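A.B. asks: missing the sequence, but the structure's below:
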């Protein structure tokens, strides 16, 4: 359950990471592309301004030179002003490189040095926010170097750049938004929903439900994972079947071992009624009794035969393997019946059996045969723990207890039906007590035990949703307590 919940939370986190990674990636691409486009457009517009100023300056320079040569300087200056007066983007004026005051260029003499070699000079003036283009012009005053100064405001460049930047931001934001929507849709469809279904499948597997194969319909890693989970469930189902079969075989083997012990005692138990039957039958055959005495002898024969039939039927029912069949059972009644079943073994060991004294009080929902097998194993083990005789006491009670974590992870305190088997034997040390439920572990002599009884009993009780608690002190006996979910009283 916790693993499935973790998987589902992991699906949400994975989807978020996928969306975040895709959006961040698109944002980075859009940012880089926008930065590149912004710089390219800025450079293009800057080159366009420079080219426009240079082209206009050369054309205007030829006109100024012609007018200057024909009509003089004043006419040339008038022509220049008239030609550029209609332009809002460019302003032109005449400058002398060596002039001071009115015709002095805005640029320094060093910056304008290429004009002396008849070259066009373009200078960016960030303080005045101007782009200055200088065009050399040959005029009659050959001793001085002069030309046109064309000034273009950089405000239009700033306006264009700002608009371009805004468009780039809007475009990038739109791309990121579209990427986020696509990522959300794709993440939910291809990651979120499949992993949620995988989590649900894992949750069902955790509860033991291996049915219902999962089909994602995706040819990717998640689809392959679903296929592997289906194959795992198939293998687990087969393994469960084999484990169940092997467990039942072990239980049957342990049951037959216990039946062997009971049969040896039952042979003595049947001896007395057989002798009674034989004697009464002999009296009837020899006509030593007649009339009412013969009827009385026949009645005694029937009673003893019924007693033997009950004993043999109990032994056969105990030995016969069958599927788990739960019903409402009285723990005290089962304890009393087990005491009767092993009474001969107890007498041979000089042991006293004390059956539960509160019939009808403690009830459980359990399989009669399997619970009888558990109690028989515990009582027989308790008798064998009495080397010189002693007492084995069975008690039943209702108890509020917190189960071990392997029964209930929350360890919630609730009502349990408890049946305790206590003996006055030698007890166990800590090392032995820790291993008593291991298969094939036994402290008995070779031939006296298989080491399966307590292991099988533990498995049966666990299948019924309970556990077995052991309390033992060296030299002061042991108490095995079976805890089962309490049934209706």
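C.D. replies: Ah, there it is. Values in this document were obtained by computation on a predicted structure and should not be read as measured data. Numbers count the residues shown, from 1 in each chain.
A.B. asks: Could you check how far stretch 410-423 is from the centre of its chain?
C.D. replies: Here stretch 410-423 is found 32 Å from its chain centre; the criterion is Cα atoms, centre = their mean, to the nearest Å.
A.B. asks: got the buried residues for it?
C.D. replies: By 16 or more other Cβ atoms under 10 Å, the buried positions in stretch 410-423 come out as 416-423. In this view, the C-beta of every residue, glycine as well, is placed from N, C-alpha and C.
A.B. asks: Which parts of this protein are strands?
C.D. replies: In the chain, the strands defined using DSSP state E lie at 90-96, 121-125, 130-137, 146-153, 326-330, 351-354, 363-367, 390-401, 414-423, 467-472, 478-485.
A.B. asks: measure residue 206 to residue 222 for me?
C.D. replies: Here residue 206 is placed at a distance of 19 Å from residue 222 (Cβ to Cβ, to the nearest Å).
A.B. asks: related to what we said a few turns ago, mind putting the strands of the chain in TSV, distance to residue 227 and mean pLDDT included?
C.D. replies: Shown next, in TSV, are the strands of the chain (distance: least, Cβ to Cβ, whole Å; pLDDT from 0 to 100):
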stretch	distance to residue 227	mean pLDDT
strand 90-96	73	84
strand 121-125	67	85
strand 130-137	68	87
strand 146-153	70	84
strand 326-330	37	87
strand 351-354	58	89
strand 363-367	38	87
strand 390-401	44	90
strand 414-423	41	90
strand 467-472	38	88
strand 478-485	38	91
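A.B. asks: can you put those in JSON lines and add distance to residue 244?
C.D. replies: Below are the strands of the chain laid out as JSON lines (distance: least, Cβ to Cβ, whole Å):
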{"stretch": "strand 90-96", "distance to residue 244": "97"}
{"stretch": "strand 121-125", "distance to residue 244": "89"}
{"stretch": "strand 130-137", "distance to residue 244": "91"}
{"stretch": "strand 146-153", "distance to residue 244": "92"}
{"stretch": "strand 326-330", "distance to residue 244": "16"}
{"stretch": "strand 351-354", "distance to residue 244": "34"}
{"stretch": "strand 363-367", "distance to residue 244": "14"}
{"stretch": "strand 390-401", "distance to residue 244": "29"}
{"stretch": "strand 414-423", "distance to residue 244": "25"}
{"stretch": "strand 467-472", "distance to residue 244": "20"}
{"stretch": "strand 478-485", "distance to residue 244": "21"}
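A.B. asks: Nearest to residue 64 among those would be which one?
C.D. replies: strand 130-137 (5.7 Å; Cβ to Cβ).
A.B. asks: tell me the angle of the closest one relative to strand 90-96?
C.D. replies: 50 degrees (axes from the mean of the first three to the mean of the last three Cα atoms, to 10 degrees).
A.B. asks: contacts for strand 130-137?
C.D. replies: Contact with strand 130-137 is made by 46, 49-50, 53-54, 57-58, 60-61, 64-65, 68, 95, 105-107, 112, 115-116, 118-125, 145-154, 157, as judged by Cβ atoms under 8 Å, 6 or more residues apart in numbering.
A.B. asks: How about stretch 115-122?
C.D. replies: In this structure, residues lying in contact with stretch 115-122 by Cβ under 8 Å, 6+ apart are 50, 53-54, 57-58, 97, 107, 111-112, 114, 131-136, 145, 147.
A.B. asks: What of stretch 65-84?
C.D. replies: Residues outside stretch 65-84 that contact it (Cβ under 8 Å, 6+ apart): 60, 63-64, 90-94, 137-140, 148.
A.B. asks: Go again with 10 Å.
C.D. replies: Defining contact as Cβ atoms under 10 Å, 6 or more residues apart in numbering, one finds that stretch 65-84 is touched by 56, 59-61, 63-64, 90-94, 103, 137-141, 146-148, 150.
A.B. asks: Buried members of the residues you listed into ChimeraX, please.
C.D. replies: Filtering the contacts of stretch 65-84 down to the buried ones (16+ other Cβ under 10 Å) takes a single ChimeraX command:
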select :56,60,61,64,90,92,93,94,137,139,146,147,148,150
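A.B. asks: measure residue 114 to residue 203 for me?
C.D. replies: Applying Cβ to Cβ, the value for residue 114 to residue 203 is 81 Å.
A.B. asks: What's the local residue count around the residue lying closest to residue 121 once chain neighbours are set aside?
C.D. replies: Nearest non-adjacent residue to residue 121, counting by Cβ to Cβ, 6 or more residues apart in numbering: residue 134, 4.3 Å away. By other Cβ atoms under 10 Å, 26 other residues sit near residue 134.
A.B. asks: just to revisit the earlier point, looking at residue 114 and residue 203, which one has more neighbours?
C.D. replies: Using other Cβ under 10 Å as the criterion, residue 114 and residue 203 rank with residue 203 on top: 17 against 12.
A.B. asks: okay but that one is in contact with residue 209, surely?
C.D. replies: Yes: distance between residue 203 and residue 209: 8.9 Å, which falls inside the contact criterion (Cβ atoms under 10 Å).
A.B. asks: returning to what we had before: among the buried residues of stretch 410-423, find me the one that's closest to residue 352.
C.D. replies: residue 423 (10.5 Å).
A.B. asks: and the closest one, what does it touch?
C.D. replies: Residue 423 sits next to 351, 378-379, 381-386, 390-393, 472, 477-480 when contact means Cβ under 10 Å, 6+ apart.
A.B. asks: what's the spacing between the longest helix anywhere in the chain and its chain's center?
C.D. replies: In the chain, ranked by residue count with DSSP state H as the criterion, the top helix is helix 2-71. Helix 2-71 sits 46 Å away from the centroid of its parent chain (Cα atoms, centre = their mean).
A.B. asks: Taking strand 90-96 as reference, get the angle to it.
C.D. replies: On the basis of the same axes, to 10 degrees, helix 2-71 is oriented at 50 degrees to strand 90-96.
A.B. asks: Could you shift the numbering so residue one becomes 196, and keep it that way?
C.D. replies: OK, 196 is where the count begins now, so the last one is helix 197-266.
A.B. asks: Could you report the distance from residue 324 to residue 546?
C.D. replies: Separation of residue 324 from residue 546 (Cβ to Cβ): 114 Å.
A.B. asks: Counting neighbours, go ahead and name the busier of those two.
C.D. replies: With neighbours defined as other Cβ under 10 Å, residue 324 and residue 546 compare such that residue 546 has more, 24 against 12.
A.B. asks: Just the endpoints, please. Distance across stretch 280-293?
C.D. replies: With Cα to Cα, to the nearest Å as the measure, the first residue of stretch 280-293 is 26 Å from its last.
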